[in-house]
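S.K.: Structure, please.
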Amino acid sequence: MQRLVRSIMTQVVNKAKYIQVEERVEWNASKLQQLRELNNITRKRAPHRKPPREKIEETSPIGVLQSFEIPKLLETHKLEIEELLGENFNKDNNEITIKDVENPVRDIINDAGVLDAFNSRIVKNVKILEMSAKGDGLAIIRAPSFATILECQEAANEREMIREADVEKKEDEKKDEKKDEKKDEEKKEGEEGSTTTEKKFQKRNIRKRPYRRTVEESKMPKIQIATVPFAFPGDVVNIRVYHTNKFYVDAEILKFVEMSDLRKGGDVKCAYFGICSGCQYQPVEYEKQLEIKREVVEAAYEHFCKDEVNWKGKVQNTVASPLQYGYRTKLTPHYDVPRSGSEGLGIPRLGFGWKGKGAWLKEEENVSEEWRGMRERSIRPYFGDVLDIEDCVIGTQSVRDGLIVEREKLEKSWKNGERSKKGSTILLREDFGKGCVTDPQAIITEVVDTGLGQTVKFEFVANEFFQNNRSILPKVISFVSEKLGNIKWLVDAYCGSGLFTVAIASTGSVEKVIGVEISERAVGFAKKNAELNGLTEDKCSFVWGKAEKLFEKMDFPGNETGVILDPPRKGCDELFLNQLSEFEPSKIVYVSCNVHSQARDVKFFINKTINGNKYEIETITGFDFFPQTHHVESVVVLQKKD
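M.R.: Okay, the predicted model is just below:
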């Protein structure tokens, strides 16, 4: 979030001079042990572990956070950083880079004291400054001081020594109780020589060695970036830091000190908001949600295209979904089962990811008893981090009813001893006019209004991809058709089961549409969908194979052809973009569920392909397929220059 909240943040900073306060969370051995037993994760930590080598995709949420959002946050909010650091702020060299917020992950995973210093903290009066594309609030907080780290190391060392002394004491008591066994052991030691004695001595020395690692003050950050779910720019919150990553820390809200103006006008309709990972924007008025998503699209092009592509001024307002709740025709709740088995455990929690923990929700006023009861049941004791969900208000009524049925089936089978050895994901998919289907291989029927005066029918396999918000499809299809303009032929790359191919061919506005898809099964259904809607092969045909090979077989001219691209989240391959450029179509409409990979591809196409410089961006438009969430789909139109 940028322009929409910049003015709000200025008011908050000027009005409330909150001072960030940090508190350490006391280490509680019994509580930690209970937690480990509950989650069945008791294990010895290997000494001197190395942090895993992460290959982060640049267009993934973490890739965008590290390469773009954190550097921009540090550049934009130097005043807040100076305020936090005080006399420790170097005015002669006030350039703050991402290296200045790099955390000592290796020390953290190998030393309980450093771990406590970084991950057992409560930080009060934290100002939320921006939002990430993932929908989390971003804040700058003080890092633990070096003195705090040393203090925590000493406490951890003492704790470890006490624990090991207690282990040895229990072992000695056990030996005293079994004198006969001890005599046998001594006799055996005498027969084997000194080797066993030396090993025992080494073992005891290992136990008594100091736990503390030597850490360097120069390698410790002075500030950190905190990601805070369910927080918005303008919020001032108390947070608990619970996990440290290389360039940022994960935190949860404990209390709101002051709430953002962005929350005014919102309508939270779900009892699980604040703990469920599904939705992020429910407290925000819908028009503001659309503006936030427009800024996400704009930021993606600012990052990946910079000034190398003429995109500025081309980003349009986000197109609203006719339905803001009750729109999802597909849900996939799941449950987990520990590797050790389900012995002694109750019925699994069936639902979605548990995020944020929701400590602040306990202080909410005017919350119905029904909601409080649903929240309490959602986190009932069980293994794992799945939240128990009784209802999902963004689902259609059919899949909501299906969720109730599947919960009852799971409870019944679990009590009858019919238990899965592993976790499971349950598919809930609406079959048009028939209700909810749970068989992943079932054939689903969907009826779509094209927005062009026709209604088309589709069939596809339940677990195959198909758009999950039918209410917005008329707007998307008619928009794509309008932007293609007057063309004779249309190529639909990554066509799936033929949504755009069949919808546009049914209008008769083009002589022929060719769809291409890598999934042989999807191509089979696409051909069937064309037949269901009365389209002959001379008007609508499909090719099974990679999109990269598509243009090798085209026998019509590119200057009378339009191309639709609707690739998966990873975007298009460079080989395909090069062939697309060589084909030189008159219009390209690129539909994407990941605006970051889309922006990257547009930059490559225009700047790196043989004919790319002949094209320019006409418009970039976001479509809100998933209201209440951070997701936004983007459609960019590339046209040939005059």
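S.K.: What about K434, how many residues nearby?
M.R.: 10 (other CB atoms under 10 Å). All C-beta atoms are positioned from the backbone trio N, CA, C, and that covers glycine.
S.K.: what's the nearest residue to it if we skip its chain neighbours?
M.R.: Of all residues beyond its chain neighbours, the one nearest K434 is T445 (7.3 Å), with distances taken as CB to CB, 6 or more residues apart in numbering.
S.K.: Just the pLDDT at that neighbour, thanks.
M.R.: What the model reports as pLDDT for T445 is 95.
S.K.: who does it bridge with?
M.R.: When bridges are taken as DSSP bridges, the partners of T445 come out as E459.
S.K.: pretty sure it is touching F458, no?
M.R.: Yes - taking CB atoms under 8 Å as the definition, T445 is a contact partner of F458 at 7.2 Å.
S.K.: remind me which residues of the chain are low pLDDT?
M.R.: Applying pLDDT under 70 to the predicted model, the residue ranges of the chain that meet it are 1-18, 24-48, 89-94, 179-212, 546-550, 553.
S.K.: Which segments of it make up each domain?
M.R.: Taking automatic domain parsing as the domain assignment, the ranges for the chain are 3-150+215-264, 291-322+443-640, 330-437.
S.K.: now those domains in a markdown table, with distance to E160?
M.R.: Listed next are those as a markdown table, based on distance: least, CB to CB, whole Å:
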| stretch | distance to E160 |
| --- | --- |
| domain 3-150+215-264 | 7 |
| domain 291-322+443-640 | 42 |
| domain 330-437 | 26 |
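S.K.: looking at the ones you listed, which is buried most?
M.R.: Mean neighbour count (mean count of other CB atoms under 10 Å) peaks for domain 291-322+443-640 among the domains of the chain, with a mean of 20.
S.K.: now the end-to-end length of that domain.
M.R.: The distance separating the two terminal residues of domain 291-322+443-640, taken as CA to CA, to the nearest Å, comes to 29 Å.
S.K.: all helices of the stretch 1-150 of the chain, in order?
M.R.: Taking DSSP state H, counting those that start in this stretch as the test, the helices found in the stretch 1-150 of the chain are 3-15, 29-39, 61-64, 70-76, 78-85, 105-110, 112-119, 146-177.
S.K.: Kindly report the same for the stretch 201-350 of the chain.
M.R.: Under the criterion DSSP H, counting those that start in this stretch, the stretch 201-350 of the chain carries helices at the ranges 286-304.
S.K.: Equivalent analysis for the stretch 451-600 of the chain, please.
M.R.: According to DSSP H, counting those that start in this stretch, the helices that the stretch 451-600 of the chain contains are 473-484, 499-505, 520-532, 574-583, 595-608.
S.K.: T97: which of these is closest?
M.R.: Between T97 and the helices of the stretch 451-600 of the chain, the tightest spacing by CB to CB is seen for helix 595-608, at 21.6 Å.
S.K.: residues making contact with the following helix or strand past that closest one?
M.R.: On the C-terminal side of helix 595-608, the nearest following helix or strand under DSSP states H and E is strand 615-623. By CB atoms under 8 Å, 6 or more residues apart in numbering, the residues outside strand 615-623 that reach it are 290, 293-294, 296-297, 301, 309-311, 314-319, 321, 472, 475-476, 479, 483, 588, 595, 602, 605-606, 632-641.
S.K.: Mind doing that once more with 7 Å?
M.R.: 293-294, 297, 301, 309-311, 314-316, 318-319, 472, 476, 602, 606, 632-641 (CB atoms under 7 Å, 6 or more residues apart in numbering).
S.K.: now it and helix 595-608, what's the angle there?
M.R.: Counting by axes from the mean of the first three to the mean of the last three CA atoms, to 10 degrees, strand 615-623 points 170 degrees away from the direction of helix 595-608.
S.K.: starting at the chain centroid, how far to strand 615-623?
M.R.: 25 Å (CA atoms, centre = their mean, to the nearest Å).
S.K.: same check, this time on stretch 302-313
M.R.: 25 Å.
S.K.: swap in stretch 601-608?
M.R.: When distances are taken as CA atoms, centre = their mean, stretch 601-608 is centred 26 Å away from the chain's centroid.
S.K.: and if you look at stretch 404-423?
M.R.: Distance, centroid of stretch 404-423 to centroid of chain: 28 Å (CA atoms, centre = their mean).
S.K.: re earlier: any idea which of the helices of the stretch 1-150 of the chain gets closest to V399?
M.R.: For these, distance to V399 was read as CB to CB. The smallest value, 25.7 Å, belongs to helix 61-64.
S.K.: what does that closest one contact?
M.R.: For helix 61-64, using CB under 7 Å, 6+ apart, the contacting residues are I56, E57, A133, K134, H303, H596.
S.K.: Let's have those residues in a markdown table, adding distance to V215.
M.R.: A markdown table is the format used below for the contacts of helix 61-64 (distance: CB to CB, whole Å):
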| residue | distance to V215 |
| --- | --- |
| I56 | 26 |
| E57 | 31 |
| A133 | 33 |
| K134 | 31 |
| H303 | 34 |
| H596 | 36 |
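S.K.: What is the nearest of the residues you listed to L79?
M.R.: Among the contacts of helix 61-64, H303 lies closest to L79 (CB to CB), at 23.1 Å.
S.K.: ok, back up a step: select, out of the domains of the chain, the one closest to Y272.
M.R.: When the domains of the chain are ranked by proximity to Y272, the top entry is domain 330-437, at 6.2 Å, counting by CB to CB.
S.K.: can you tell me how far G344 sits from F383?
M.R.: Distance of G344 to F383, given as CB to CB, to the nearest Å: 10 Å.
S.K.: and what of V589?
M.R.: Distance check for V589 against F383: by CB to CB, it reads 46 Å.
S.K.: Show me which positions of stretch 154-165 end up buried.
M.R.: Of the residues in stretch 154-165, those buried by neighbour count under the rule 16 or more other CB atoms under 10 Å are A155, A156, N157, R159, E160, E164.
S.K.: just curious, which of the residues you listed is nearest to V249?
M.R.: Proximity to V249 was ranked across the buried residues of stretch 154-165 by CB to CB; first place goes to A156, at 19.2 Å.
S.K.: Hmm, that closest one is touching A117, no?
M.R.: No - using CB atoms under 7 Å, A156 makes no contact with A117, being 9.1 Å away.
S.K.: which among the contacts of helix 61-64 gets closest to V105?
M.R.: Distance from V105 was checked for each of the contacts of helix 61-64 by CB to CB. The minimum falls on I56, at 14.0 Å.
S.K.: which residue packs closest to the closest one, ignoring adjacent ones?
M.R.: Spatially, and ignoring its direct neighbours in sequence, I56 is nearest to G63 (4.7 Å; CB to CB, 6+ apart).
S.K.: I109 and S509: what is the separation?
M.R.: Between I109 and S509 the distance is 59 Å, computed by CB to CB.
S.K.: okay, how far is it across stretch 586-604, tip to tip?
M.R.: This stretch, stretch 586-604, spans 18 Å end to end (CA to CA).
S.K.: Before I go, just wanted to say thanks for your time.
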